[in-house]
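Asks: Based on what follows, work out the 3D shape:
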Amino acid sequence: MNFTNSFLQLCSSALSSISQSDIDSMAKVLADLRERGGRLFVIGSGGGAGHSSHACSDFRKICNIEAYAPYDNISELTARVNDEGWESTIVNWLKVSRFTSNDCLFVFSVGGGDREKKVSANLVAALAYAKELSAKIVGVVGKDGGYAKKVGDAVVVIPNVDQSLVTPISEGLQAVIWHLLVSHPLLMVNQAKWESLSQPVFAEQTSEVGKPKADFKTKIFADGANKDSILALYKNPIITGFTTNPTLMRKAGITNYRDFALDILRVVKDKPISFEVFSDEFAEMELQAREIASWGENVYVKIPITNTRSQTAVPLIERLGKAGVKVNVTAILTLEQVQSTLAAAAACPAAYISIFAGRIADTGVDPLPLMQAAVELIAPYPHVELIWASPREILNVTQASQIGCQIITVTDDLLKKLVLAGKNHTDYSLETVQMFYDDAKACGFSIATDATELVC
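Replies: Numbers count the residues shown, from 1 in each chain. Below is the predicted model:
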């Protein structure tokens with residue numbers, strides 16, 4: 001194995017071992033910093049100093065975070081080193097910058113500093129000062145994390161996969177991590193130049209050949225419980241709302257319902273989002289619904305049409321409506337359920353009726369006639385909108401648009417297929433043939449002239 005191959009494999013191994021939860025924790029700390037109007041001070045020595053200046057530029061330009069690095073004023077830095085000594089250089093810079101507990105210190109370091117051995121003493125002194133003030137501390141460090149990991153609130157450690165290459169691998173991957181952070185859905189506000197020149201992935205979608213995607217009459221809501229995905233899709237102009245449910249949350253590993261919802265709502269403030277109650281008792285459902293509704297003006301509370309004992313939720317829906325709660329009545333599969341829901345939804349300030357058309361199709365029944373009838377039933381209620389829930393294919397988006405269904409929910413998997421809407425079938429045929437050819441070639445298939453078996 002040559003050096004290049006070995007080095008890249010070591011980098012790959014280190015990357016795959018980095019704690020993703022630590023990265024997300026850093027993003028959360030930085031998002032909270034921006035929200036409260038705090039400042040970010042980025043420090044490091046050697047390669048870390050170079051990272052600090054570059055990272056400051058990105059956090060300011062891409063994330064709208066007020067950020068500073070001591071190395072951007074070389075005159076002050078060298079004067080302090082000359083007159084005051086190396087160890088106190090950053091601390092004194094922080095003091096004259098009026099660094100407070102409202103701010104955050106971000107450190108780049110290969111070893112994280114060692115207070116006893118006086119390694120990276122300038123960084124250690126700055127970290128100790130930040131800790132003394134109870135300011136937040138984050139960082140990206142190598143080896144075992146050192147003093148930075150010990151005192152930090154959210155510090156990512158790049159694993160030591162080869163002692164002889166600890167510095168280049170640590171410093172190289174530090175750049176990867178901070179670029180990940182400035183691209184993180186919790187932090188990114190403005191696109192970089194090249195990304196801003198690219199068309200959004202869905203910009204050229206069409207509902208029919210030659211007809212622009214914008215001609216879809218149906219609004220597209222993203223259906224899921226992956227926080228990163230929701231926050232990324234929030235920036236996608238074709239996504240106009242969000243829905244989720246306890247089953248999706250369980251699959252996503254959500255353990256704290258309220259914290260998850262409030263994290264999302266810190267960013268998603270101007271698009272409707274539905275969160276579901278989870279009690280099986282209507283009295284407790286009502287309490288949960290009122291609490292969920294209090295989380296934001298854009299929140300709709302999902303109420304199942306019945307509880308698990310097949311008792312109707314219609315009276316609860318009516319009470320919530322009169323209390324000013326926006327509802328999303330869910331798990332509807334019959335026209336009778338739509339009719340009973342409408343009677344109660346008349347009292348709501350706004351309401352969604354979610355028909356699980358995909359589940360109807362799963363039983364071998366075409367849901368389109370029922371959906372068409374539901375559109376007609378809802379027409380006299382301008383404050384009530386119909387949701388085509390659990391679609392199974394892109395055709396459903398076209399069908400929903402054609403019948404005048406106001407909203408359709410789409411999962412991540414289906415969203416990826418939206419780029420195929422309106423695609424030329426001849427072109428798609430050729431791409432399919434090319435796919436088969438490329439895969440056979442990549443596998444190295446051949447047919448021996450003196451045998452009938454395939455060899456791979």
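Asks: what does the helix or strand harbouring S13 rub up against?
Replies: Here S13 is covered by helix 3-17, with elements defined by DSSP states H and E. Helix 3-17 has contacts (C-beta atoms under 8 Å, 6 or more residues apart in numbering) with M1, I158, P159, V161, D162, L165, I169, G172, L173, V176. Every residue, glycine included, has its C-beta placed from N, CA and C.
Asks: Read off the pLDDT value for the first one.
Replies: For M1, the model assigns a pLDDT of 63.
Asks: phi, psi of K326?
Replies: Dihedral pair for K326: phi -80, psi 130, per degrees, to the nearest 10.
Asks: Can you give me the neighbour number for it?
Replies: Residue neighbour count, defined by other C-beta atoms under 10 Å, stands at 21 for K326.
Asks: from memory it sits against C348, does it?
Replies: Yes: using C-beta atoms under 8 Å, K326 makes contact with C348 at a distance of 6.5 Å.
Asks: follow-up on the earlier one: how about the helix holding S13: buried residues?
Replies: For helix 3-17, the neighbour count (16 or more other C-beta atoms under 10 Å) marks L10, C11, A14 as buried.
Asks: that older thread, which single one of the contacts of helix 3-17 is nearest to A293?
Replies: Taking C-beta to C-beta as the measure, A293 lies nearest V176 of the contacts of helix 3-17, at 41.3 Å.
Asks: Is it correct that Y300 falls within a strand?
Replies: Yes: secondary structure of Y300 (DSSP: H, G, I helix; E, B strand; the rest coil): part of a strand.
Asks: and the gap between it and Q339?
Replies: Distance of Y300 to Q339, given as C-beta to C-beta, to the nearest Å: 21 Å.
Asks: Kindly confirm my reading that M435 is in a helix.
Replies: Yes: the assignment for M435 (three-state DSSP) places it in a helix.
Asks: how close does it sit to G444?
Replies: 17 Å.
Asks: can you check A345 too?
Replies: Separation of A345 from G444 (C-beta to C-beta) stands at 61 Å.
Asks: And those two? Which one has more around it.
Replies: Using other C-beta under 10 Å, the more surrounded residue of A345 and G444 is A345, with 24 against 8.
Asks: Please name the nearest non-neighbouring residue to the more buried one.
Replies: The shortest distance from A345 to any non-neighbouring residue, by C-beta to C-beta, 6 or more residues apart in numbering, is to A351 (4.1 Å).
Asks: Now do the contacts for that neighbour.
Replies: Residues in contact with A351, defined by C-beta under 8 Å, 6+ apart, are Y300, G321, K326, V327, N328, V329, A345, H383, V384, E385.
Asks: what's around the second one, how many residues?
Replies: Using other C-beta under 10 Å, G321 has 20 neighbouring residues.
Asks: any low-confidence regions in the stretch 51-200 of the chain?
Replies: For the stretch 51-200 of the chain, the stretches flagged by pLDDT under 70 are 195-200.
Asks: Show me where it has its helices.
Replies: Using DSSP state H, counting those that start in this stretch, the helices found in the stretch 51-200 of the chain span residues 74-84, 89-96, 121-132, 146-151, 166-183, 193-197.
Asks: how about these, which one is nearest G38?
Replies: Nearest of these (C-beta to C-beta): helix 121-132, 12.1 Å.
Asks: Specify the angle between that closest one and helix 89-96 in degrees.
Replies: Here helix 121-132 runs at 40 degrees with respect to helix 89-96, directions being taken by axes from the mean of the first three to the mean of the last three C-alpha atoms, to 10 degrees.
Asks: Okay, domains of the protein per the record?
Replies: Following automatic domain parsing, one gets these domains for the chain: 13-191, 206-420, 425-455.
Asks: What mean pLDDT does the longest one get?
Replies: Pointing back at domain 206-420 there. Regarding domain 206-420, the rounded mean pLDDT is 92.
Asks: picking up where we left off before, considering the contacts of helix 3-17, which possesses the most neighbours?
Replies: When neighbours are counted by other C-beta under 10 Å, I158 leads the contacts of helix 3-17 with 25 neighbours.
Asks: how far away is that one from I332?
Replies: 50 Å.
Asks: before we move on, back to that, and the buried residues of helix 3-17, which is closest to Y428?
Replies: Looking at the buried residues of helix 3-17 and their distance to Y428, the nearest is C11, at 37.5 Å (C-beta to C-beta).
Asks: Quick check on the residue nearest to A345: phi, psi?
Replies: Residue torsions, per degrees, to the nearest 10, at A351 are phi -150, psi 150.
Asks: who's it bridged to?
Replies: V327, V384 (DSSP bridges).
Asks: Give the helix, strand or coil label for F275.
Replies: In three-state terms, and counting by three-state DSSP, F275 is strand.
Asks: one step back: any chance of the domains of the chain in TSV, plus distance to S6?
Replies: TSV is the format used below for these (distance: least, C-beta to C-beta, whole Å):
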stretch	distance to S6
domain 13-191	9
domain 206-420	32
domain 425-455	24
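Asks: so D22 makes contact with V156?
Replies: Yes: using C-beta under 8 Å as the test, D22 is close enough to V156 to be in contact (4.7 Å).
Asks: These two: which has the busier surroundings?
Replies: V156 (25 against 18).
Asks: Please name the residues that touch that one.
Replies: Each residue near V156 by C-beta under 8 Å, 6+ apart is listed here: I18, S19, D22, I23, M26, G139, V140, V141, I177.
Asks: Which among the residues you listed count as buried?
Replies: Looks like these have I18, D22, I23, M26, G139, V140, V141, I177 buried, using 16+ other C-beta under 10 Å.
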